[in-house]
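*Asks:* Structural data only, the sequence is not supplied:
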């Protein structure tokens, strides 16, 4: 709580936390994988509007195309129909070759901090390579971000392998935030964690989100996590993946762990669970394997 | 002093002693006529450290160092040639699809040819000194190129994606992802290459050289100077051991991030 109060009053933070851009418009997007004429439809006719600074969680069973959607958003993969706009500018379309960039940084499922760089070098990497900052300025900003995100500046000179997986994930999120991205793309970042570390990570992520309100697209198959963290939960159907349900989560912020037992939370969970379980059952019966 | 309390150190000492015991035992107690010719460790040591060696080679004789220098020179020249060509080729193969397709066909066909099979051809087409170096180079080159390529291939694709997200150019990716990411495998390749260089060096020198430890072994064989054969073998063993220790040392310095990771887990 103390962290939030501190941030509200600092003028510089107030400026950064007011999200100006980061509006994502996903319009009738489809993705067909056609490796040998089999024509697997991963995503079909998927449309979503995401407001600037909105925290969106995409939930769905294994193989529902949520990772495919994220790869298209990130610019790792092409799409086969439709288009995606970021603040009104075309980001991805059929004719446009995919192009990743620092305006939408991904935090990876298994973590992708460079193991051969220290924490500080990892965080400074983006601005230095884009030449948007001098070495000294990048270092100052990196240390400042580390300090504000739970005093991580103490591990600045460590190598990633020396940190716990939770800390690695936090550092990776900070590395993404360093670039002032318009959109933060999180690909099941807490998937391999036990429930205690997961709860800790949720707290840290929510703190970071209140620190700088970026648009967040959070991919997960954990329904409770999605409701607890997000403003909007999008439930996707099993393959062909498309939007089944869009739910606005009215829980107030800051989100606190005790909300997970509130009446409101449980009611939302019941609503979403119906959709998800139906899809999960379908996927299970078809014997789908995770295409992560 | 810490070494004396180290279990590993004592186990290694015991291993070395075991080797000498086996050697001594096989000379003394194997009832085979031909084994009588083998010198026991004591005879080899007295010859090796003899100021007036019976067969002319010991640590007090200049010619001994002459042979060592020649062999070391050849091994190092071929090793460094192989590394300076093999590592860039391996990286290019991992980086560029056309280079990969072209070079993998070439390497795939040439690599299975045993190094010794190259020796006669090398002697015919190259002047004396170059023939031995060429054969050593070839073997070391395949080892470095292929291991470097495997190293680049084994880099987690997420590192490339992360670099692209963070605004890295193609050149940045080469220096920030490909080279450091392939480094562990590159150093495995260097170890193998060093071993392969010494291996084919001895063989090449036996056939095609005037100096060097391989030549010394072969000449001593012709003159039936058995202790000198063993001295040559042992010297090659030591040189190989120290050169690969040196590569490990350099590798450890360059990959501190791995050593530290191991330090935490172990």
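*Replies:* That came through, no problem. Not measured: the values here are computed from a predicted model.
*Asks:* Secondary structure element holding the residue nearest to residue B:133 when sequence neighbours are not counted?
*Replies:* Take residue B:133 and drop its neighbours on the chain: the residue closest to it by CB to CB, 6 or more residues apart in numbering or on different chains is residue B:78, 4.9 Å away. Using the backbone N, CA and C atoms, a C-beta is placed for each residue, glycine as well. Counting by DSSP states H and E, the element that carries residue B:78 is helix B:62-95.
*Asks:* same check, this time on residue B:172
*Replies:* helix B:170-173.
*Asks:* Can you confirm whether that helix lies near chain A?
*Replies:* Yes - Helix B:170-173 comes into contact with chain A (CB under 8 Å from any CB of the partner chain), by way of residue B:172.
*Asks:* mind listing what's buried in that helix?
*Replies:* B:172, B:173 (16 or more other CB atoms under 10 Å in any protein chain shown).
*Asks:* For the helix or strand following it, the averaged confidence score.
*Replies:* Later in the chain than helix B:170-173, the nearest helix or strand by DSSP H and E is helix B:179-208. Mean per-residue pLDDT for helix B:179-208: 91.
*Asks:* What is the subsequent helix or strand relative to helix B:179-208?
*Replies:* Next along from helix B:179-208, by DSSP H and E: helix B:213-222.
*Asks:* and that next one, what other elements does it pack with?
*Replies:* Applying 3 or more CB pairs under 8 Å, 6 or more residues apart in numbering or on different chains; DSSP states H and E, we find helix B:213-222 packed against helix B:62-95, helix B:179-208, helix B:226-254.
*Asks:* Direction-wise, compare the shortest one with helix B:213-222 and give the angle.
*Replies:* What that stands for is helix B:226-254. If you take axes from the mean of the first three to the mean of the last three CA atoms, to 10 degrees, helix B:226-254 sits at 160 degrees to helix B:213-222.
*Asks:* For stretch B:94-113, give the mean pLDDT please.
*Replies:* pLDDT averaged over stretch B:94-113 gives 87.
*Asks:* got a list of what residue B:57 touches?
*Replies:* Counting by CB atoms under 8 Å, 6 or more residues apart in numbering or on different chains, residue B:57 touches B:47, B:63, B:64, B:67, B:216, B:220, B:225, B:228, B:231, B:232.
*Asks:* which of the residues you listed tops the neighbour count?
*Replies:* Within those, most neighbours by other CB atoms under 10 Å in any protein chain shown means residue B:216, with 30 neighbours.
*Asks:* Next, find the distance separating that residue from residue A:182.
*Replies:* Note on residue B:216: its distance to residue A:182, by CB to CB, to the nearest Å, is 71 Å.
*Asks:* do the same with residue A:161
*Replies:* 31 Å.
*Asks:* So which of those two has more stuff around it?
*Replies:* In this view residue A:161 and residue A:182 are compared by other CB under 10 Å, and residue A:182 has more residues nearby, 23 against 18.
*Asks:* Find the nearest non-adjacent residue to the more buried one, please.
*Replies:* Nearest to residue A:182 is residue A:22, by CB to CB, 6+ apart, at 4.0 Å.
*Asks:* Show me how chain A divides into domains.
*Replies:* By the assignment in automatic domain parsing, chain A contains the domains A:2-103+A:184-286, A:108-180.
*Asks:* So for the longest one, mean pLDDT?
*Replies:* So that's domain A:2-103+A:184-286. 82.
*Asks:* swap in the shortest one?
*Replies:* Taken as a whole, domain A:108-180 carries a mean pLDDT of 92.
*Asks:* Work out the gap between that domain and the centre of the chain.
*Replies:* With CA atoms, centre = their mean, to the nearest Å as the basis, domain A:108-180 stands 17 Å off its chain's centre.
*Asks:* residues contacting residue A:179?
*Replies:* A:102, A:103, A:105, A:126, A:127, A:130, B:166, B:167.
*Asks:* My assumption is that the last one lies in a strand; please confirm.
*Replies:* No - using DSSP: H, G, I helix; E, B strand; the rest coil, the assignment for residue B:167 is coil, not a strand.
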